[in-house]
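Participant: Quick check, what structure comes out for this input:
(chains A and B)
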Amino acid sequence: MKRLIEQGTFFFAFLVLTAIALEGWLHVRMQDRRAHVLEDWPDMHNLEADLVFLGNSRTAEHLIPTVACEGLNQSCYNLAYDGYSVQMGAYRLDYLLRNGKRKPKFVALQVDLSFCLGDGTQRNFPMKEGVLRYFLLDQIGINRYFRNYANWREWDAYVPLLRYKGFPLMFFKHLLGWNRWDRRSELGFWHTPKDIRFQLPEAPKNKDVNVPLSGIDSVCKANDIKLIGIIPPSPQSSFQPSDSALDSLARTMEIFDFSDLFAGRESEFFYDDAHFTLEGSEIWSEAVNARLKMLESSAAKDSLHFQQP
Amino acid sequence: MFFNSLEFLLFLPTVFAAYWILNLWTDRPRGLQVQNLLLLVSSYVFYGWWDWRFLSLIAFSTLVDFAVGLQIAKANAREISADAPEEARSRTAKRWLWVSLVVNLGLLGYFKYANFFIENWIEAWSDVGVHMDPWSLKVILPVGISFYTFQTLSYSIDIYRRRLQPTKNLIDFAAFVSFFPQLVAGPIERASALLPQISAQRKFKYEEGVSGLRLILWGMFKKVVVADTCAIYVNDVFANYTDYSGPTLMMGAVFFAFQIYGDFSGYSDIAIGTARLFGIKLMTNFKTPYFSRDIAEFWRRWHISLSTWFRDYLYIPLGGSRVGKLKAVRNTFVIFLVSGFWHGANWTFMVWGLIHALLFLPLLLSGKNRRNVGDIHGMPTVRELGGILVTFAAVTMAWVFFRADSIADAFGYFGHLIFGNGMGLGNRMLLASSCIGLVLFVDAILWLKPNILLLHFKVVRWTVYALGIFGVLLAWSDDSTQFIYFQF
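Facilitator: Here you go, the predicted model:
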């Protein structure tokens, strides 16, 4: 038994050293991490935008800024990020306020359940892609934004290699020094194709819970930024917050509710149960544009100039 | 508690430490009893972690067979003289054996098969125009019931056959029934092999401990890296087989073959390795089954503890293959159909058993079912390699029925495999294919037993272990699936 304990201790030390060596290799392969940070978040450095959109893939991929802001006197920027939920929205807004050229005047926040509730976990690929490498040394101060995630564990973030748990391909990719999936698009096997299949959800979820905003509302208030809530089209309104949650949201921001925009024509405009076809994206962006124009004109009437001098 | 859970990661070292500390006092009166009591309590905690209410079933089965064993032995001693032939049986003992059979098979039947019979009964009546309201018993299938009931049954049968003396120690017997490494998914141990080990004083051996840890790591690797990775694609392909192309469906079936192998043999390896840490040897349950040269050899290498159980307690009592051809064929079908039904209350398992019986039949009729009994020496011949490929293809085809939700789905799967068009899994299958390659590589080493000089160096061995641990760590997911055989 003494020998087992002795050898076990040596092996454990060997294991830890090997893990640290692998982390070292990761570090070398991804030299100048700060450069990678800038590469990952270039859109927020020196950004000058009056209106920014925050959301997940439903906004990132389908709200077309040139269409949504056409004819407005505002510069717009879509800051939504594929795969993320509201915590990352809060982080990106914070990062923008610290690193942008000037503060935005408006924040259009996706307030459907897919973004605000998400499932509070870090399971999907794009999310891991964006944040995993920064966890161990808590670069760009990212960890605190993920602490309230359902499956966040401090030791997952800070123990060598453990943060890659469940994402072996991501680990090997980072080990090879490949920063993004599309870097090696010619080696398509690193890319997970989307499963394109639309199925109408059986029943709307409409969870009767508060819609958490992760402090975005208070940040906007403190910085004198007008917050707008946008609910993208949803098949059978499956991502739409309940009426009571909407009432509560409406007290803090103006809500643009497009959840029924494609009602009855879901299979025409959705390619899965959350994302739209190109035509669907254009229709939704036009609808957003119309509401923004209305907001602009009503603001002008109230002499609260939508366009700041 | 699952082997691939965080709880088990804490549970095992704790019990291990307490167990060997107690071992210091096993030479004192009742010292061994205290150590076995710890095994028993740990096993009940392990099982109760899933659902403590079902502990009563294990306890009940334990008490019944403990009492039945003593009564059978008493009746044998009273009614059969010591010089009586081996076949002589006591009538009273037979009655007691029936008690064990009724209780154990009754528990199994009620919890596992009652709803299946009710549903089929209602469906059969509706086929002839009599419609009954559908209903079912609100019962949960207790994890591992098929395993521990077979274990207790074999105890009573062996005593009845006068091949085993009953134990008079209830703690030892209860620890034998509920021994946590193999409680929920085998190997199904015989009392004659396991009980004497539990009743005797154990001694820790360094080599045994290390080989146990090595088996645990390999088992974890097979489960977490191989089986769970394959499961991602298998679940998708089997759920949406109408959308996929023929080659993709073929790969889906191959992935399932390795998923179930990785899952179940992985469990067995962890069980055997864990038992070794406690100084107890369990039987080998898998011997590189996908390198079998024919279907008969496959069954000598796959789930060995179950196939030998059926052989000893069903096939041979029915006459085995040493009866007329017709009866031998009947016995073959009986054993494979029962084996299929043992796996679950679904017609798909019966068809799976039937396919294996049909595959076995030509070997039986031509007298070639024991042609490939021994291990292979040196490199396999082309003929042997051909046999391996054909056997694997046949086994994989049968797995489709095992995995499908219904027989119609299985036929639909084959229909699309041959005629269907659809999308491919594309590059997504790369990871699972790599894992399969890895497990085949290691199995080939185990099969051919080459002397790998590099492994004599500690640093090489440790590096391999470390990479294995990192592999498990990276593939480990918070929503890792439970072991497939838990449902049986």
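Participant: who touches B:Asn104 in this structure?
Facilitator: Shown in contact with B:Asn104 (CB atoms under 8 Å, 6 or more residues apart in numbering or on different chains): B:Ser61, B:Val64, B:Asp65, B:Thr149, B:Thr152, B:Leu153. Every residue, glycine included, has its C-beta placed from N, CA and C.
Participant: ok, now A:Leu136?
Facilitator: Contacts for A:Leu136 (CB under 8 Å, 6+ apart) come out as A:Glu23, A:Ala157, A:Tyr158, A:Pro160, A:Arg163.
Participant: do that again at 7 Å, thanks
Facilitator: By CB atoms under 7 Å, 6 or more residues apart in numbering or on different chains, A:Leu136 lies in contact with A:Glu23, A:Ala157, A:Tyr158, A:Arg163.
Participant: neighbour-wise, which of those leads?
Facilitator: Within the contacts of A:Leu136, A:Arg163 tops the neighbour count with 23 neighbours, counted by other CB atoms under 10 Å in any protein chain shown.
Participant: so that residue touches A:Leu137, yeah?
Facilitator: No: with contact defined as CB atoms under 7 Å, A:Arg163 does not reach A:Leu137; the gap is 11.0 Å.
Participant: Show me where the chain dips below the pLDDT cut-off.
Facilitator: Looking at chain A here, since you left the chain open. Along chain A, segments meeting pLDDT under 70 span A:30-43, A:117-130, A:140, A:145-152, A:178-209, A:300-309.
Participant: nope, chain B
Facilitator: In chain B, residues with pLDDT under 70: B:29, B:86, B:134-137, B:422-428, B:478-488.
Participant: Report how many residues lie close to B:Ile157.
Facilitator: Using other CB under 10 Å: B:Ile157 sits among 20 other residues.
Participant: And A:Ala299, by the same measure?
Facilitator: There are 14 residues near A:Ala299, going by other CB under 10 Å.
Participant: Of the contacts of A:Leu136, which pair is most distant in space?
Facilitator: A:Glu23 and A:Ala157 (12.9 Å; CB to CB).
Participant: For the stretch 101-250 of chain A, which segments are assigned as helices?
Facilitator: A:113-116, A:125-135, A:154-158, A:168-175, A:216-222, A:243-250 (DSSP state H, counting those that start in this stretch).
Participant: now the angle from the top helix by length along chain A to helix A:168-175?
Facilitator: Secondary structure of chain A per DSSP state H: the longest helix is helix A:2-29. Counting by axes from the mean of the first three to the mean of the last three CA atoms, to 10 degrees, helix A:2-29 points 60 degrees away from the direction of helix A:168-175.
Participant: Need the three-state assignment for the most centrally placed residue in chain A.
Facilitator: Central residue of chain A (CA atoms, centre = their mean): A:Tyr84, 3.0 Å from the mean position. Judged by DSSP: H, G, I helix; E, B strand; the rest coil, the three-state class of A:Tyr84 is coil.
Participant: related to what we said a few turns ago, check the contacts of B:Asn104 against chain A, which are close?
Facilitator: With the criterion set as CB under 7 Å from any CB of the partner chain, no member of the contacts of B:Asn104 is near chain A.
Participant: Check the offset of the longest helix of chain A from the chain's centre.
Facilitator: Here helix A:2-29 is found 36 Å from its chain centre; the criterion is CA atoms, centre = their mean, to the nearest Å.
Participant: can you check stretch B:96-112 too?
Facilitator: A distance of 20 Å separates the centroid of the chain from that of stretch B:96-112, by CA atoms, centre = their mean.
Participant: and that stretch, which residues are buried?
Facilitator: Of all the residues in stretch B:96-112, those buried under the rule 16 or more other CB atoms under 10 Å in any protein chain shown are B:Trp96, B:Leu97, B:Val99, B:Ser100, B:Val103, B:Asn104, B:Leu107, B:Leu108, B:Phe111, B:Lys112.
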